[in-house]
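Dropping the sequence and predicted coords here.
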Amino acid sequence: MSKQEEFSGIRHPNRVKHAYTQSVRGTPDQVFPLLCPVRELDWAPGWSTDWVISASGTVEQECMFQTPSLADTTSASIWIVTRHDPDAFEVEMYKVTPGVTVGKLAISLTAQGPTGTRAQISYEFTSLGADGDEFLADFTAKWYENFMQGWETAINHYLKTGEQLAA
């Protein structure tokens, strides 16, 4: 019997992906810097990060950061920025929640008229086990739409007022 035949750890992925397009009232040059674990503290109610590894102090290629557990049953999540292209207004990162999921976040901004931005945002999660399967069962299209609408409201409020929306 070959080593490959002995190994039985391969399984079909349980994976869910959702995408949403936001209309943001700011130019891509104004919006893109806000897509950062440090800058999100300015505009995203409830956002927190435990630490950030960054040569520049903000998001960049290969920046890493940790967000705390959202529930007693999950671990803190490690995020790794795999693409950061300010010229193309694109950012991509992976979020690893050990024993639960591996997620991929991709954001692409395009100008929408002289003062607006269309933000195309997708999240894709792959389950790593029973806790991940439970997470994916709750990661519905409706939940994601509500999450994206809340994000859109918060970032638009910040761009208009310079202040974080009250939680």
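Arrived safely, thanks for sending.

which ones are touching the spatially most central residue of the chain?
When the chain is reduced to its mean C-alpha position, the closest residue under Cα atoms, centre = their mean turns out to be Leu105, at 4.4 Å. Neighbouring residues of Leu105 by Cβ atoms under 8 Å, 6 or more residues apart in numbering: Val91, Glu92, Met93, Tyr94, Lys95, Ile121, Ser122, Tyr123. Where you see a C-beta, it was placed from the backbone N, CA and C, and this is true even at glycine.

again, but for Val52
For Val52, the contacting residues are Pro37, Val38, Cys63, Met64, Phe65, by Cβ under 8 Å, 6+ apart.

name the helices or strands packed onto the helix ranked longest in the chain?
For the chain, the longest helix by residue count, based on DSSP state H, is helix 141-161. Contacts defined by 3 or more Cβ pairs under 8 Å, 6 or more residues apart in numbering; DSSP states H and E place helix 141-161 against strand 15-24, helix 28-31, helix 40-43, strand 116-127.

element containing Ile78?
Element membership for Ile78 (DSSP states H and E) is strand 77-85.

what mean pLDDT does the next helix or strand after that strand have?
Downstream of strand 77-85, the first helix or strand assigned by DSSP H and E is strand 90-97. Within the predicted structure, the mean pLDDT of strand 90-97 is 97.

Direction included, what does strand 90-97 pair against?
Each strand paired with strand 90-97, and its direction, by DSSP bridges: strand 77-85 (antiparallel), strand 101-112 (antiparallel).

what's the closest of these to Ser23?
strand 101-112 (6.5 Å; Cβ to Cβ).

pLDDT below threshold where in this protein?
For the chain, the stretches with pLDDT under 70 are 1-2, 4-5, 71-73.

just to revisit the earlier point, output the contacts of Leu105 as a markdown table; include the columns neighbour count and distance to Leu165.
A markdown table is the format used below for those (neighbours: other Cβ atoms under 10 Å; distance: Cβ to Cβ, whole Å):
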| residue | neighbour count | distance to Leu165 |
| --- | --- | --- |
| Val91 | 24 | 22 |
| Glu92 | 17 | 26 |
| Met93 | 21 | 23 |
| Tyr94 | 16 | 27 |
| Lys95 | 17 | 23 |
| Ile121 | 21 | 18 |
| Ser122 | 16 | 23 |
| Tyr123 | 19 | 21 |
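
OK, contacts around the closest residue to Gly26 other than its chain neighbours?
With Cβ to Cβ, 6 or more residues apart in numbering as the measure, Leu159 is the residue that lies nearest to Gly26, at 4.2 Å, once sequence neighbours are left out. Applying Cβ under 8 Å, 6+ apart, we find Leu159 in contact with Val24, Arg25, Gly26, Gln30, Val31.
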